[in-house]
Structure formats: C-alpha cells, structure tokens
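Q: Below is the structure, and that's it, no one-letter string:
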C-alpha cells in the first residue's frame, strides 16, 4: 500500500506536506473487532507518510501515550508516528487523565511540527470526543484488508461533526521485513 495513488487521502497528505502541517489519523474497526489488520494498516500508512531519512523506526511506534509524546517532541519534522491500541490511553471515561490531556495538547497545539500521527483502537466511540474532534481523518476497517476513509470536519451552523466518506483503502499482510519487525514489537 502506498500513498501515491492519487486518491483523496494522498492529496490531503501532500497538501499538509506542502503547507508544513501535521496530519492526525484515527483508525478503528466498524464492529469493534480485534485481529482485523488495524496495526498492519497503521504501520503501512505511517511508512508511506514518513519523510525522514531513516523512515519508520522502532522509536516511532509505541503502545504508550508517553512514548508518542516523547517521539513527537524528539523526532525530526516529517516523521510518522504510530500509537497502537490507543484505547488504553485515550478513553472517553478518562478524558481528564494526564495522558488524555497531554495527547489532546499535542495534537491541538503541535500542528506545525510536520508530524503524521496514526492512532488505532478497536472503536473510536470509546475515544475522548474532544480528542477525536481534533483528528483530520478517520479510517474505519470494514473487514480485514478493506477500510473506508472519512475526512473529519465540523458544521458550525448545526454544531455537529461531519464525516464524509472519501475513499476505500485496501491492503495485504506485511511482507517488508522491517515492518514485520515493527509489528512484532507492538504485538
């Protein structure tokens, strides 16, 4: 899977690069299932977006919000970062927690750091709604190997979120040895 397919997500990413802006992607499963390829898709998206010399490295993928925050501040511009299994740290039931507040601050104030964050969890409905409102893209896995891409926005007149469908992504299991290594680090 690459982001050079001329589709809406590619165009959004390229515009963000051109304008020196971040991109925040939330990835979940339509039926809140595990084992549907969310981590594989997250790694593929991050690898395609990372513009640094070293590419996607082990210190850019994490299971902890602290690891994400550290990578966000320490890694160079153009880095893609992955927070896998984010439901443990961005729960709507702990919206006031230190980790939730720190991630919210990171994605709301760090918009010019040129970082591309992919955060996955079984259900984005379990995510802190304020944090989800800061996301640019929602990728919903329909079944293993197929996901729907939504661009997130806000209707200021009616006061509700907008989630227009933009495209379908397809992917296969990992074959790149480096990504396989990153996958096993996370799992």
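A: Done, it's in. Treat the numbers as computed from the prediction; the structure is a model and nothing was measured.
Q: in the sheet, who's paired with the spatially most central residue of the chain?
A: By CA atoms, centre = their mean, the mean C-alpha position of the chain lies nearest to residue 118, the distance being 1.7 Å. Note on residue 118: beta-bridge partners residue 25, residue 82, judged by DSSP bridges.
Q: burial measure for residue 183, as a count.
A: Look at residue 183: counted by other CB atoms under 10 Å, it has 18 neighbours. C-beta coordinates here come from the backbone N, C-alpha and C atoms, glycine included.
Q: Doesn't it lie inside a strand?
A: No - judged by DSSP: H, G, I helix; E, B strand; the rest coil, residue 183 forms no part of a strand; its state is helix.
Q: Surely it is in contact with residue 41?
A: No - in this structure, residue 183 is not within contact of residue 41 by CB atoms under 8 Å, at 11.1 Å.
Q: if I pick residue 165, what's in contact with it?
A: 148-150 (CB atoms under 8 Å, 6 or more residues apart in numbering).
Q: Make a markdown table from the residues you listed and add neighbour count to it.
A: A markdown table is the format used below for the contacts of residue 165 (neighbours: other CB atoms under 10 Å):
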| residue | neighbour count |
| --- | --- |
| 148 | 16 |
| 149 | 20 |
| 150 | 19 |
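Q: Mind jotting down where the strands sit in the protein?
A: Here the chain has its strands, by DSSP state E, at 23-29, 61-62, 80-83, 116-120, 137-143, 146-151, 153-155, 160-162, 165-170.
Q: any chance of those strands in CSV, plus distance to residue 15 and mean pLDDT?
A: Output for these, formatted as CSV (distance: least, CB to CB, whole Å; pLDDT from 0 to 100):
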stretch, distance to residue 15, mean pLDDT
strand 23-29, 9, 94
strand 61-62, 25, 94
strand 80-83, 16, 95
strand 116-120, 13, 94
strand 137-143, 12, 94
strand 146-151, 12, 94
strand 153-155, 15, 82
strand 160-162, 18, 80
strand 165-170, 13, 92
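Q: what's the closest of the ones you listed to residue 104?
A: Relative to residue 104, the nearest member of the strands of the chain by CB to CB is strand 23-29, separated by 10.9 Å.
Q: Check which helices and strands the closest one sits against.
A: helix 8-18, helix 38-49, strand 116-120, strand 137-143 (3 or more CB pairs under 8 Å, 6 or more residues apart in numbering; DSSP states H and E).
Q: okay, the angle between the last one and strand 116-120?
A: Spelled out, that is strand 137-143. With axes from the mean of the first three to the mean of the last three CA atoms, to 10 degrees defining the directions, strand 137-143 sits at 40 degrees from strand 116-120.
Q: partners of strand 137-143 in the sheet?
A: Using DSSP bridges, the strands paired with strand 137-143 are strand 23-29 (parallel), strand 146-151 (antiparallel).
Q: what ranges of the protein fall below the confidence cut-off?
A: Along the chain, the parts satisfying pLDDT under 70 run over 1-6, 87-101, 107-111, 128.
Q: redo that, cut-off 90
A: Residue ranges of the chain with pLDDT under 90: 1-7, 32-35, 64-69, 73, 85-113, 121-135, 153-165, 185-187.
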